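# Sequence isn't available, so here's the structure alone:
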């Protein structure tokens, strides 16, 4: 891929003093970390420790109780649309429409991200994730793993610099997991960064992998 | 796996979000036309049941016609509201929309526009036919259609705002009815009043002007409110 990502300060994403409570429980507080281009930060910890909440706070979906997110050195709240344009979020919910085909789902998902793709590009991406023959079937008739693969095709085409991934390997078979790791490796190699909550060991071929442990 | 050619990204814009939401929701409605058909069928049935229940007394029918047609249109518009944002909320589309570079104003307005195209617009077009059953004069039928054309977008906007506010609440459908139907009352009064004024020989202009004023106010204020309500719901 030839996409060039903005460089400048090495730490593209910085999180400072983040705190979040869910009901009466304090999930985390005083949390800070940086992620630079080419880095993958894996968020680890037991169930219910706040991994998903942390990812949602970084993207801006959930409002943290305290703390700031800096995107290219600027608080994400000053120009939220700039950070949103550079962030691809893949959460627990796939955001797919059952009545649309794999190809239409991919097209609409990407157009919502401001990225216009040609049918040839989408065909290429769907073929790469093994959905070439099923691209005209409504998503409701695809298996859980095949639906996740639509998500992989979307990541492959998404121009975002930052990937925020919540349990990216769920429902994927061995080949699908390999595909994902390969995609991730290429994303990091071209200067992208990623934040992932996962229980698996991710070992992409390029890029730096770091860990953040939530207690 | 072969490398995939890169895509270019355009900056977020109102028109980008609006066009996206209209295209997607109309594609979905076309794929599953049962909801739109149900809305129109419900309207036709409700408005046709009244003459059967009340009896064929021309003067009485002409008197109640505009009001009955407006109540039918109001209830039919309400039918499609519970699913307007709830489906996107459940499958995660709302999260992606909230995180999109397009401003919430754009896709919120687009979703409402698509809702009107599959509910308010067919009701407006069908209303002269229904009005014939009540023996309304051609002038009254025209004013009736005009009042529906201006009034049903207000219903879609008000209903959309209520649907966004009711997201995630248990018993959302019931709550939505309690929230939205009282807000529809002014639209009903001026909408039905326009055709009634025309039928009794008065000018319908004041009613239509008030409806148009309500539409402008709703267009300015409500898409913003919908965007804010959705943001709270996905938090």
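Yes, it's here. What you are looking at is a predicted structure, and each value in this text was computed from that prediction instead of being measured. Residues are numbered from 1 along each chain as shown, chains lettered A, B, ... in the order given.

# and the gap between residue A:150 and residue A:110?
11 Å (Cβ to Cβ, to the nearest Å). No exception for glycine: its C-beta is placed from N, CA and C like everyone else's.

# a helix runs through residue A:123, doesn't it?
Yes: the assignment for residue A:123 by DSSP: H, G, I helix; E, B strand; the rest coil puts it in a helix.

# Surely it is in contact with residue A:135?
Yes: using Cβ atoms under 8 Å, residue A:123 makes contact with residue A:135 at a distance of 7.1 Å.

# So for these two, which residues contact both of them?
Residues within reach of residue A:123 and of residue A:135 at once, by Cβ atoms under 8 Å, 6 or more residues apart in numbering or on different chains, are residue A:103.

# Using the three-state scheme, assign the residue of chain A found nearest chain B.
With Cβ to the nearest Cβ as the measure, residue A:93 is the residue of chain A nearest to chain B, at 2.5 Å. Secondary structure, three-state DSSP: residue A:93 is coil.

# show me the contacts for it.
By Cβ under 8 Å, 6+ apart, the residues touching residue A:93 are B:90, B:91, B:92, B:95.

# For it, give me phi and psi.
phi -90, psi 130 (degrees, to the nearest 10).

# And it, what's its pLDDT?
Residue A:93 is assigned a predicted lDDT (pLDDT) of 91.

# and what of residue B:1?
41.

# ok, residue A:72 - how many residues close by?
18 (other Cβ atoms under 10 Å in any protein chain shown).

# Tell me who's in contact with residue 206.
Unless you meant another one, I'm taking chain A. A:38, A:185, A:186, A:188, A:189.

# should've been chain B
Taking Cβ under 8 Å, 6+ apart as the test, what residue B:206 contacts is residue B:197.

# any idea how far it lies from chain A?
Remark: distance between residue B:206 and chain A (Cβ to the nearest Cβ, to the nearest Å) = 43 Å.

# Could you tell me how many residues sit around whatever residue of chain B ends up closest to chain A?
Closest residue of chain B to chain A, Cβ to the nearest Cβ: residue B:92 (2.5 Å). Residue B:92 sits with 18 neighbouring residues when counted by other Cβ under 10 Å.

# anything in the lowest-mean-pLDDT helix or strand in chain A near chain B?
Scoring the helices and strands of chain A by mean pLDDT, DSSP states H and E places strand A:115-116 at the bottom, with a mean of 89. Yes: using Cβ under 8 Å from any Cβ of the partner chain, strand A:115-116 reaches chain B at A:115, A:116.

# Please apply the same query to stretch A:44-62.
Yes: against chain B, stretch A:44-62 shows contacts by Cβ under 8 Å from any Cβ at A:59, A:60, A:61, A:62.

# bridging residues for the nearest residue to the first one once chain neighbours are set aside?
So that's residue A:59. Spatial nearest neighbour of residue A:59, chain neighbours left out: residue A:89 (5.0 Å); criterion: Cβ to Cβ, 6 or more residues apart in numbering or on different chains. Residues in a beta bridge with residue A:89, per DSSP bridges, are residue A:164.

# Wait, residue A:89 touches residue B:99, no?
Yes: using Cβ under 8 Å, residue A:89 makes contact with residue B:99 at a distance of 5.3 Å.

# Tell me if I'm right that residue A:71 and residue A:12 touch.
Yes: look at residue A:71 against residue A:12 with Cβ under 8 Å: they come within range, at 7.2 Å.

# Pull the contacting residues for residue B:227.
B:103, B:104, B:105, B:108.

# run the last query once more with 10 Å
B:17, B:97, B:98, B:103, B:104, B:105, B:106, B:107, B:108, B:109, B:164 (Cβ atoms under 10 Å, 6 or more residues apart in numbering or on different chains).

# With residue A:146 instead?
A:102, A:129, A:130, A:131, A:134, A:137, A:139, A:171, A:172, A:173, A:176.

# helix, strand or coil for it?
Going by three-state DSSP: residue A:146 is helix.

# what do you get for residue A:13?
Residue A:13 is classified as strand under three-state DSSP.

# before we move on, back to that, any common contacting residues for residue A:89 and residue B:99?
With Cβ under 10 Å, 6+ apart, residue A:89 and residue B:99 have common neighbours A:56, A:59, A:60, A:61, A:95, A:164.

# now, which of the residues you listed sits nearest residue B:160?
Among the shared contacts of residue A:89 and residue B:99, residue A:95 lies closest to residue B:160 (Cβ to Cβ), at 20.1 Å.

# same question for stretch B:59-68, mean pLDDT?
Here the average pLDDT along stretch B:59-68 is 91.

# Buried residues in that stretch, which are they?
B:61, B:62, B:64, B:65, B:66, B:67, B:68 (16 or more other Cβ atoms under 10 Å in any protein chain shown).

# quick one, longest helix in chain A?
Using DSSP state H to define each element, chain A has its longest helix at helix A:174-189.

# circling back: ok, and the most crowded of the contacts of residue A:93?
residue B:95 (21 neighbours).

# what about the helices in chain B?
With DSSP H as the criterion, chain B has helices spanning B:14-31, B:34-54, B:58-79, B:82-91, B:93-98, B:104-118, B:120-132, B:138-165, B:172-199, B:205-234.

# Can you lay out the ones you listed as CSV showing distance to residue A:205?
Formatted as CSV, the helices of chain B follow (distance: least, Cβ to Cβ, whole Å):
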stretch, distance to residue A:205
helix B:14-31, 35
helix B:34-54, 48
helix B:58-79, 54
helix B:82-91, 33
helix B:93-98, 29
helix B:104-118, 38
helix B:120-132, 54
helix B:138-165, 44
helix B:172-199, 47
helix B:205-234, 35
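
# Give the partner strands of the helix or strand of chain B with the lowest mean pLDDT in its sheet and their orientations.
None of the helices or strands of chain B scores lower by mean pLDDT, DSSP H and E than strand B:8-9, at a mean of 78. According to DSSP bridges, strand B:8-9 forms sheet pairs with strand A:115-116 (antiparallel).

# Show me how far the strand it pairs with is from its chain's centre.
The chain centre lies 17 Å from the centre of strand A:115-116; the measure is Cα atoms, centre = their mean, to the nearest Å.

# cool, and stretch B:81-97?
That offset, for stretch B:81-97, works out to 17 Å (Cα atoms, centre = their mean).
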